[in-house]
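In: Build me a model from this:
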Amino acid sequence: MMKPDFSKMTRQELRAYILANREDDEAIAALIQRGNPNSPKFPFPKNDVDLKEMQEILRDKLSHR
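Out: Numbers count the residues shown, from 1 in each chain. The predicted structure is shown next:
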């Protein structure tokens, strides 16, 4: 069986393929590499003030789990 081209599949198509072919590690890796387009993006801290702000954000997120 020939594997599909994962780079040409939409996220939903790739997810459906993985659900049907759960043993395909290559497909799972392709989905993981894409990441979640809805996840928040945080800029890399450029100075100490930004770094402290990022640390506070992470502390808040971890404490609310």
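
In: Could I get the full set of helices for this structure?
Out: Secondary structure of the chain, counting by DSSP state H: helices at 11-20, 25-34, 48-63.

In: how about those in a markdown table, adding distance to D5?
Out: Backbone N, C-alpha and C define where each C-beta goes, glycine included. Below are the helices of the chain laid out as a markdown table (distance: least, Cβ to Cβ, whole Å):
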| stretch | distance to D5 |
| --- | --- |
| helix 11-20 | 10 |
| helix 25-34 | 10 |
| helix 48-63 | 36 |
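
In: The closest residue in space to Y17 that isn't next to it in sequence: neighbour count?
Out: Of all residues not flanking Y17 in the chain, A27 sits nearest, at 5.8 Å (Cβ to Cβ, 6 or more residues apart in numbering). A27: 20 surrounding residues under other Cβ atoms under 10 Å.

In: Measure how buried M54 is and give me the count.
Out: 14.

In: one step back: tabulate the helices of the chain (a markdown table), appending mean pLDDT.
Out: Formatted as a markdown table, the helices of the chain follow (pLDDT from 0 to 100):
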| stretch | mean pLDDT |
| --- | --- |
| helix 11-20 | 96 |
| helix 25-34 | 95 |
| helix 48-63 | 92 |
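
In: and of those helices, who's closest to K3?
Out: helix 25-34 (7.1 Å; Cβ to Cβ).
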